[in-house]
Structures are given as C-alpha cells and as structure tokens.
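> Generate coordinates for the sequence data below:
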Amino acid sequence: MNNVTPIQGVSTSYAANPGTLMHASNQWASRPDDERFLSLQDLHQHTLRQRHGSKALGVSSRQLEVAPVDNGDMAVIGPNGNPAVLNNWSFGQLAQRAGAPAGYLRQLPAELAADNLNYGLQHVRDVEDIGVLLTRGQTGVTELRAATGPRYGRIWNSDIVGGLVRQFGDGVSGRFKVPGEFGKDVPITKANTTLYAGDRDMFVFLADEKNRIEIPNRRNGETGSLARGFFVWNSEVGAATFGVATFLFDYVCMNRIVWGARDYGEIRIRHTSGAPDRFLEQVTPALDRYANDSTHNIVQAISDARQARIDDVDAFLNKRFTRTQATKIKAAHLQDEGRPIETLWDVTTGVTAYAREIPNPGERVVLERAGGEILDLAR
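Just a heads-up that it's a prediction; the model follows:
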C-alpha cells in the first residue's frame, strides 16, 4: 500500500508504530442499529439497493427552489417540479452553496430558512452547476442526499463492497473477517460487527487473526506475534475521502479498539473527476496484493529493516532530509528508544516519532511517506 506513486487527488501516509487505533471503535460507538451489518453480502445488498434507487444529475443553482414541507422538513424542487426532501447532510451542503450559515439556518422556522436559501441561490451567489444525488427510499420518498460540485468523482459504495466480497467472501468465515475479541472467535452480532454503512458513509474493518506473524524481539527481547488488518471507508455524498489503511496489531477488544498497532499505511483518494478510475487502477490491485501476500514476506521485510545497519547515519539522513529534519529525527528516535539510530528500522521509527510533532497535516504526510520509502529499501 505504501508504494503507490503519488498523483493528483491521491495521498499516502505511513506510520511505523501508532500504538492504538480508534477508527473502528469510533464507528462502533456511533452507528445506529440499521447501519450495522452481519456479513459483507448483507452490506453489499444494502449498498446495491441504495445505488439502484439513486440518480445523479447536474442542475443549475438558478433552477433549484427550497420549500418547507410537512413536519418542519424542507425539500428542494428542481426544474421538473418534483420535490426531494433535504436531510441534515444535504441541507448543510446546500447552505454552503447558497453562502448561508447552516448552523444558524437550522434554528429558524422552515419557511424563513427556505427564504434565506432561495435568496442565496438566486441572488447572492453567482450561477453555478450543482451535482445533486437523489435517492428514493423504501417509503417511496425521494431524498436529496448530496449537493456537490459538478465534477465530484463519485466512487459507489456498492463497487467497493462488491470488490471486498470477491476477495474475502462473506467477511465472517474466511481468512480475513470481522475481528474477534482479544484474538478469540466470537459470534458476529450487531453489537460487535465492524461492517457499517449509512446514508452518509461506509466503513469496513477486516482482519486475519489466525495466521499471525512472528516478530523477533517484539517486547523485552521476547518473540511476539501480530495479526494483519485493514480499514476501508468511503462516502458517496462528499462526507469523506475514499481510503484504505493496512496495519499489524496485537488484538482488538470488545469496544473495537485496535491495540498494539504498527506499520500503519494508508492511501486516500479525493473525490475528484478521476477518482473512480484511480480506485480501479491503484487501490484494488494494492488491496489484492495485501490480501494474498504471504506472512513470510512481511516478516522478512521487518527483519531486513532491523538488520540493515547504516554506516554513516548523518550522511544517510542528510541525503534524504534537510539538516534540521535530520537533527530532529535523530533526537526523536533517541527520546523514544533510548539509543541512537543504527538501522533502517530505526530511521523509520525516528521519522514517525518526529512526524507526530508536526501540526501541518500536509507536511506530516510527506515526511511519513519518506519514512515508508526508507523501510522499502530493506525489501
């Protein structure tokens, strides 16, 4: 996952030893019952129904009119005269397009809020095309799920989950599946599943906890073992990028917290016009390689990095980083490990430790990517 060549709309990052991952736990704590699924097939059927009931259109902002409807809700009426009910997310997006503060508008009566939105769309903002995503729900009511720019590159959840089904089956009985609790298999229920999807986004966490990887000198000089796992997330409506993250870990607890994580790498694709093509061309093959890679290759890569000693640490760092960065990388490794840098693995650890101190996300990603490339030198 860390060898994908950066191109426009794609970002990659790498962290040698993040420790604890809360991504799945945050999902577990916030998802309602109807957004939890017991198998990848169930999740796939849900995303297919959602896609088949959806229609994406490009509409001029001058052709949209907002009107109050029953129960205090609001709907947007397009050029054909058919209404589509706004949900909380699309209301915020439409308010942004109208140049109006969504938080303030939510406090107003529906009639007054609609007037403000209409004034913004018709008079305040310049005319622009808006990409709308309409979805017909099970009750027959059409909902406006998204109001984005016209060049929004939608990656459909059903395509992503369909690819996961082809690679991993049901996600509960194969090699990669919903993780157990503290490394032990448990029945998959809505209370502990890691397969989620709603109107706004989706999230999947699968792990191979049976074929654990033996790591020499894991802790206190003793050999330990790690499992492999990955996250996949996406939003069809602009709430998040599409992304995949892979990592090694000790175990997952009942609250779906990933403990003892390391070698965390991720790729994110922004929903620009070329996003669907990049999903097919880059992410799908990378995930296939990760799923089919032997544990020996991972063990060998880690072992090689630990054993690849650097003769001249200063020259090695100065060739790849600024002098200031090199100094801080050495200091960060010394602070974390209690000894100076000696190997390629040490450099990667030092880069990650230093990157944690950088407040700017863009600079941090660039540095972490460089750390990942150093680890690759041992492969």
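> In the stretch 1-150 of the chain, what residue spans correspond to helices?
With DSSP state H, counting those that start in this stretch as the criterion, the stretch 1-150 of the chain has helices at 23-30, 40-52, 88-98, 102-105, 110-119.
> Could you verify my assumption that residue 349 touches residue 335?
No: proximity of residue 349 to residue 335 does not meet the contact threshold set by CB atoms under 8 Å, at 10.9 Å. In this view, the C-beta of every residue, glycine as well, is placed from N, C-alpha and C.
> More neighbours: which of these two?
More neighbours surround residue 349 than the other of residue 349 and residue 335, with 23 against 11 (other CB atoms under 10 Å).
> Backbone dihedrals for the more buried one, both of them.
Residue 349 has phi and psi values of phi -60, psi -40 when expressed as degrees, to the nearest 10.
> Equivalent analysis for residue 197, please.
Backbone torsions of residue 197, given as degrees, to the nearest 10, read phi -160, psi 140.
> which ones are touching it?
35, 37, 43, 46, 47, 157, 161, 203 (CB atoms under 8 Å, 6 or more residues apart in numbering).
> what helix or strand does the last one sit in?
Taking DSSP states H and E as the definition, residue 203 sits inside strand 202-219.
> Sort out which residues of that strand are buried, please.
Residues of strand 202-219 classed as buried by neighbour count (16 or more other CB atoms under 10 Å): 202, 203, 204, 205, 206, 207, 208, 209, 212, 213, 215.
> could you dump the contacts of residue 197 to JSON lines with distance to residue 104 and pLDDT?
Output for the contacts of residue 197, formatted as JSON lines (distance: CB to CB, whole Å; pLDDT from 0 to 100):
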{"residue": "35", "distance to residue 104": "29", "pLDDT": "97"}
{"residue": "37", "distance to residue 104": "36", "pLDDT": "98"}
{"residue": "43", "distance to residue 104": "37", "pLDDT": "97"}
{"residue": "46", "distance to residue 104": "34", "pLDDT": "96"}
{"residue": "47", "distance to residue 104": "34", "pLDDT": "96"}
{"residue": "157", "distance to residue 104": "32", "pLDDT": "94"}
{"residue": "161", "distance to residue 104": "37", "pLDDT": "94"}
{"residue": "203", "distance to residue 104": "31", "pLDDT": "97"}
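> Just send those residues back as TSV, with distance to residue 120 too.
Putting the contacts of residue 197 into TSV (distance: CB to CB, whole Å) gives the following:
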residue	distance to residue 120
35	32
37	38
43	37
46	35
47	33
157	31
161	37
203	33
